[in-house]
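>>> no sequence for this one, just the structure:
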């Protein structure tokens, strides 16, 4: 849930290629999806959210289980 209105970034890094997607709810409309944040191992999605707006962030690693780190930050 966004603590304040503004632009929010969801960035995943992984030793394997990571895909980040953001949707409005489980099985809901997808707002955005990305698998190439600067390097082939990351994904970056930026969205404008209202204060209190909740989203579902999904991270998947491709080519096997490599783990991942997810950073959420205001822009």
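Yep, it's here. Fair warning: this is a prediction, and the values are worked out from it, not measured in the lab.

>>> Go through stretch 17-29 and flag the buried ones.
Neighbour counts over stretch 17-29 (16 or more other Cβ atoms under 10 Å) mark 17-23 as buried. For every residue, glycine as well, the C-beta is placed using N, CA and C.

>>> What is the burial count for the closest residue to residue 32 other than its chain neighbours?
Nearest residue to residue 32, sequence neighbours excluded (Cβ to Cβ, 6 or more residues apart in numbering): residue 45, at 4.5 Å. Residue 45: 21 surrounding residues under other Cβ atoms under 10 Å.

>>> In the beta-sheet assignment, what are the partners of residue 45?
Residues in a beta bridge with residue 45, per DSSP bridges, are residue 10.

>>> Equivalent analysis for the one 4 residues further on, please.
In this structure, residue 49 has the following beta-bridge partners (DSSP bridges): residue 6.
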